[in-house]
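J.: sequence and predicted structure below; questions after.
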Amino acid sequence: MNNHQSEKVLKSLSPRQAGHPIADVFLQRWSPRAFVPLAMPLTDFLTILEAARWAPSAFNIQPWRFIYALRSNRDWDQYLNLLDPFNASWAKNASALVFLVSNRLCPAQEKNSTNPSNTHSFDAGAAWANLSLQSTLLGYQAHAMAGIRFDEIRRQLAVPDDYRVEIAVAIGRQADPATLPSTLREREQPSSRLPLNQIVFPERFACQPAATRGGTDQ
């Protein structure tokens with residue numbers, strides 16, 4: 001499926017409507033499970049990781065690290081086996097699998113020794129966001145997965161104790177949902193999001209939507 005065909009499929013599936021003007025890429029990015037089982041050019045893959053590299057982080061610590069296999073690599077089957085069976089069943093058609101880990105420690109600086117980081121997972125999330133948006137801009141989609149074998153990933157991929165295994169990411173060209181089994185096909189559509197008036201609170205956290213407190217944003 002080429003980019004134009006992917007956009008047509010997305011538009012036919014998408015219930016997404018922005019409440020305020022935003023760049024198209026924020027609505028075009030989503031997490032499909034139907035991928036075309038094709039190899040990804042290494043140049044595309046490195047561009048996706050380069051975007052992740054430029055994510056912001058507290059004190060520019062850059063705690064993220066990426067461990068990957070492309071579907072043409074000999075380690076591909078090993079990487080698939082590090083996902084839970086459900087995720088492995090559809091991620092097998094992706095072009096790349098990436099494990100994102102983050103350093104729990106701030107590096108030693110001058111006279112200070114290493115100390116625990118309070119933001120390593122938050123910063124790694126920013127790197128994932130950059131990765132996913134760059135994937136969309138290149139005509140791919142990225143699907144993050146928490147259903148992974150954390151202990152086996154640490155052991156088999158030699159992840160140091162100081163690093164937290166965060167997520168796995170499948171990246172590939174979106175395929176027609178008809179290629180999925182019926183149980184997955186029914187779920188294959190972009191999700192919507194809560195409106196701003198349910199997630200943005202003036203002055204202090206509010207349990208009730210802003211609309212019931214006189215808010216006007218929709």
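T.: Alright, I've got the coordinates.
J.: do you know how far residue 24 is from residue 18?
T.: Between residue 24 and residue 18 the computed distance is 9 Å (Cβ to Cβ, to the nearest Å). Placement of C-beta: from N, CA and C, glycine included.
J.: also residue 64?
T.: Taking Cβ to Cβ, one finds residue 64 at 28 Å from residue 18.
J.: more crowded one of those two?
T.: Between residue 64 and residue 18, counted using other Cβ atoms under 10 Å, residue 64 has the larger neighbour count: 25 against 11.
J.: what is that one paired to in the beta sheet?
T.: Here residue 64 sits in beta bridges with residue 102, as judged by DSSP bridges.
J.: thinking it is in contact with residue 56, fair?
T.: No - between residue 64 and residue 56 there is no contact under Cβ atoms under 8 Å: 11.2 Å.
J.: kindly list the longest strand within this protein.
T.: strand 163-172 (DSSP state E).
J.: partners of it in the sheet?
T.: Strand 163-172 is paired, per DSSP bridges, with strand 96-103 (antiparallel), strand 141-145 (antiparallel).
J.: let me have the ones you listed in CSV, adding mean pLDDT as columns.
T.: Listed next are those as CSV, based on pLDDT from 0 to 100:
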stretch, mean pLDDT
strand 96-103, 98
strand 141-145, 98
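J.: right, and these - which one's nearest residue 154?
T.: Of all the strands paired with strand 163-172, strand 96-103 sits nearest to residue 154, with 8.6 Å by Cβ to Cβ.
J.: C-alpha coordinates for the closest one, PDB please?
T.: Extracted in PDB, the C-alpha atoms of strand 96-103 (Å, rounded to 0.1, in the frame of the first residue of the first chain):
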ATOM      1  CA  ALA A  96      11.200  -2.900  12.300                       C
ATOM      2  CA  LEU A  97      11.000  -3.700  16.000                       C
ATOM      3  CA  VAL A  98      12.500  -1.400  18.500                       C
ATOM      4  CA  PHE A  99      12.800  -1.800  22.200                       C
ATOM      5  CA  LEU A 100      13.000   1.600  24.100                       C
ATOM      6  CA  VAL A 101      14.900   1.600  27.400                       C
ATOM      7  CA  SER A 102      15.800   4.500  29.600                       C
ATOM      8  CA  ASN A 103      18.500   5.200  32.200                       C
END
